[in-house]
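Colleague: My questions are about this predicted structure, shown below with the sequence.
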Amino acid sequence: MTVKMGRYAGELRRELGLRNRRWARGRAHVESYGTPPVIVYAPEHHTDEDLSVGTPAAEGRHGNFFEASYAAIQGRAEWMRRFDKIHAQGRALPKAESGRRWRELDSSMSSDALLLNVFCAPGVVESAAVRSALGVEGDAEPVFGWRARVPLAGGRFDRTEVDMRWGSLLVEAKLTEGDFQTRAAAVVEGYRDFDAVFERELLPRVEIRTARRKQAVEFAEEFTQEWEDAAADEEVAREFQEGIVARAREAESAEAGYAGYQLIRNVLAAYAEGCNFCVVHDERRPDLREAWFEVMAAVKPAQMRVRCKVLTWQELAGLAPEGLQEFLDWKYGIVRAGRVASGVEKAEFRY
């Protein structure tokens with residue numbers, strides 16, 4: 001599963017990289033270091049202060065966003081606060097001309113940005129078809145970055161952030177992320193409702209390496225061969241390298257853990273809140289769907305199992321306004337069933 005996840009995620013990152021190199025033309029952006037580069041967009045405003053809600057200078061655009069969605073975000077202080085989160089790898093990116101620090105929502109690979117692009121677009125939340133597809137009732141509006149209260153065994157709470165809460169629905173959004181994270185068994189089993197909700201023996205298990213990685217000076221005779229890439233046509237060198245890696249991994253200490261930690265935690269949040277829980281992913285990531293089904297199969301209460309859902313961005317695209325559909329096609333390659341995504345010729349781009 002880990003190998004498949006890496007392959008599917010890598011293929012999608014490469015496609016999004018090509019698409020965003022085309023989309024970024026004429027829009028403020030930089031390219032990350034490395035190959036292939038990731039496009040990171042800058043808001044086309046004067047300063048960070050100009051981003052405050054309601055100021056005339058806030059009117060503008062952001063290359064990572066559908067213009068109607070971005071205009072709606074600027075009009076809502078609680079939605080604009082999603083831009084407060086600093087990009088974790090921001091220091092490794094070229095500096096913005098304005099001196100502004102990079103945000104996670106600036107990245108073309110951000111699943112949170114995609115989530116806001118879709119659900120902040122005028123007409124989406126109001127759509128009866130969208131509400132029906134997600135099982136949302138009432139007049140509630142989406143809350144992004146909702147803080148859950150997942151009960152722990154000791155009477156305390158895990159205030160985990162859920163990507164979106166919309167009425168009685170919790171949503172986990174995914175795009176190019178490698179997986180749903182892993183956690184030590186002691187942490188996962190420390191949730192109050194863990195055994196009430198899950199058949200622990202059916203959950204996917206992993207071994208989590210706890211030893212720190214050796215430094216080159218400690219492993220000088222093999223380290224560089226272990227961690228450097230072998231040339232594609234050097235089969236013998238690659239096999240030798242893989243053997244070194246395998247021996248190093250076997251020598252590391254490990255502890256028992258669970259795969260799909262984000263899913264387990266969010267199901268427990270939905271159980272505690274009496275909510276439904278939906279994973280939204282790209283149909284080009286069947287690995288994420290399989291991982292979610294594996295966790296879903298371990299849910300014991302039938303009434304909780306039927307509250308677990310899955311939807312693809314492509315299915316949502318079929319319910320979106322036409323302008324948003326065009327944006328999702330060109331920037332993400334996301335199109336509704338029966339449509340073919342716009343082509344991206346690699347010859348157009350030079351790395």
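Modeller: In hand now; what should we look at? Residues are numbered from 1 along each chain as shown.
Colleague: Would you map the helices across the stretch 1-150 of the chain?
Modeller: Ranges of helices in the stretch 1-150 of the chain, per DSSP state H, counting those that start in this stretch, are 2-23, 67-74, 77-80, 111-119, 128-134.
Colleague: What's the mean pLDDT across the last one?
Modeller: Helix 128-134 shows a mean pLDDT of 96.
Colleague: Repeat that for the longest one.
Modeller: Averaged across helix 2-23, the pLDDT comes to 87.
Colleague: low pLDDT regions in the stretch 151-300 of the chain?
Modeller: 211-234, 237-238, 245, 248-252 (pLDDT under 70).
Colleague: Helices of that one, start to end?
Modeller: 185-188, 194-197, 223-227, 235-251, 261-273, 286-296.
Colleague: coming back round to it: what's the most buried one of the helices of the stretch 1-150 of the chain?
Modeller: Comparing the helices of the stretch 1-150 of the chain by mean neighbour count (mean count of other CB atoms under 10 Å), helix 111-119 ranks first with a mean of 24. For the C-beta atoms, the positions are set from N, CA and C on the backbone; glycine is no exception.
Colleague: Alpha carbons of it, in PDB - could you do that?
Modeller: C-alpha atoms of helix 111-119 as PDB (Å, rounded to 0.1, in the frame of the first residue of the first chain):
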ATOM      1  CA  SER A 111      -5.900  20.300  -0.500                       C
ATOM      2  CA  ASP A 112      -7.200  23.100   1.800                       C
ATOM      3  CA  ALA A 113      -7.000  25.600  -1.000                       C
ATOM      4  CA  LEU A 114      -8.900  23.200  -3.300                       C
ATOM      5  CA  LEU A 115     -11.500  22.800  -0.500                       C
ATOM      6  CA  LEU A 116     -12.000  26.600  -0.300                       C
ATOM      7  CA  ASN A 117     -12.000  27.000  -4.000                       C
ATOM      8  CA  VAL A 118     -15.000  24.600  -4.300                       C
ATOM      9  CA  PHE A 119     -17.100  25.400  -1.200                       C
END
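Colleague: all strands of the chain, in order?
Modeller: Secondary structure of the chain by DSSP state E: the strands cover 29-31, 39-41, 143-147, 150-151, 157-158, 161-166, 169-173, 182-184, 205-209, 254-259, 276-281, 308-312.
Colleague: before we move on, the earlier item: which among the helices of the stretch 151-300 of the chain is found nearest to residue 171?
Modeller: Among the helices of the stretch 151-300 of the chain, helix 261-273 comes nearest to residue 171, with 8.9 Å by CB to CB.
Colleague: ok, residue 29 - contacts?
Modeller: Counting by CB atoms under 8 Å, 6 or more residues apart in numbering, residue 29 touches 39, 40, 41, 42, 63.
Colleague: Residues contacting stretch 305-323, please?
Modeller: With CB under 8 Å, 6+ apart as the test, stretch 305-323 has contacts from 66, 68, 114, 118, 121-124, 127, 129-130, 133-135, 175, 267, 270, 275-283, 289, 292-293, 296, 299, 324-325, 328-329, 332, 334-337.
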